[in-house]
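After the sequence you'll find the predicted model.
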Amino acid sequence: MSAENWPQEGDAMPDVAMETPEGNMVSPKDFKGQKAVFFFYPKDNTPGCTTEAKDFSALKLEFDKAGVALLGISKDSPQKHRNFITKHDLSVPLATDAQEGGLSDALGIWTEKSMYGKSFMGMVRTTYLVGEDGKIVRKWPKVKVKGHADEVLAAAKG
């Protein structure tokens, strides 16, 4: 599927269930009626991903005050998420998009990457702001972590 066929701003957020670290299931439809931010990141406990999760955690109360739900998503296991939350005292909720055909697959951000001449499947760091109606309001592709959580908060409040 070519990139222009993946969900874009104005399209409905695909509804695919994911597992929380507590063993519950969560999906985008659970956030209908409120704004939500879904930030997808490659891997728990790596420098950029840790910074991003800590930045969103630091702003969680501001997102809460603005009535905006947060959810961090990677393909890491629920156990790895539990360890990541504990190790870094994260307040932002996380979910596991581990199954094939997951939400990141539906969004086209679980894709082939290349590093040091080797190809592998990986997550493209991407954030989505979804409106109360379940439609994508804004998409941040290939996120640069520094200042990102602040930018997303400003857009969510706007």
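Looks like it came in fine. Numbering: from 1, shown residues only.

thinking Thr50 is in contact with Leu90, fair?
No: assessed by CB atoms under 8 Å, Thr50 is found out of contact with Leu90, at 9.1 Å. Using the backbone N, CA and C atoms, a C-beta is placed for each residue, glycine as well.

Now list whatever residues contact both of the two.
Common neighbours of Thr50 and Leu90, counting by CB atoms under 8 Å, 6 or more residues apart in numbering, are Phe84.

How about Pro93: what's its closest non-neighbour residue?
Leaving aside its sequence neighbours, Pro93 sits nearest to Leu71 (CB to CB, 6 or more residues apart in numbering; 5.6 Å).

typo on my end, Met25
Excluding the flanking residues, the one nearest Met25 by CB to CB, 6+ apart is Ala17, at 4.7 Å.

where in the protein is pLDDT low?
1-4 (pLDDT under 70).

all helices of it, in order?
Under the criterion DSSP state H, the chain contains helices at 47-58, 60-65, 78-88, 103-107, 148-157.

Return the most buried member of these.
Comparing the helices of the chain by mean neighbour count (mean count of other CB atoms under 10 Å), helix 103-107 ranks first with a mean of 21.

Does anything pack onto it? Which helices or strands?
Where contact means 3 or more CB pairs under 8 Å, 6 or more residues apart in numbering; DSSP states H and E, helix 103-107 is packed against strand 35-40.

Could you check the angle the strand it packs on makes with helix 148-157?
Strand 35-40 runs at 150 degrees relative to helix 148-157, counting by axes from the mean of the first three to the mean of the last three CA atoms, to 10 degrees.

Which residues are in contact with Phe38?
Residues in contact with Phe38 (CB under 8 Å, 6+ apart) are 13, 28, 71, 73, 103, 127-128, 130.

where's the spatially most central residue of the chain relative to His148, distance?
For the chain, Phe39 is the residue whose C-alpha lies nearest the centre (CA atoms, centre = their mean; 2.2 Å). According to CB to CB, to the nearest Å, Phe39 stands 8 Å off from His148.

anything in contact with each of the two?
Between them, Phe39 and His148 share these contacting residues under CB under 8 Å, 6+ apart: 52, 127.
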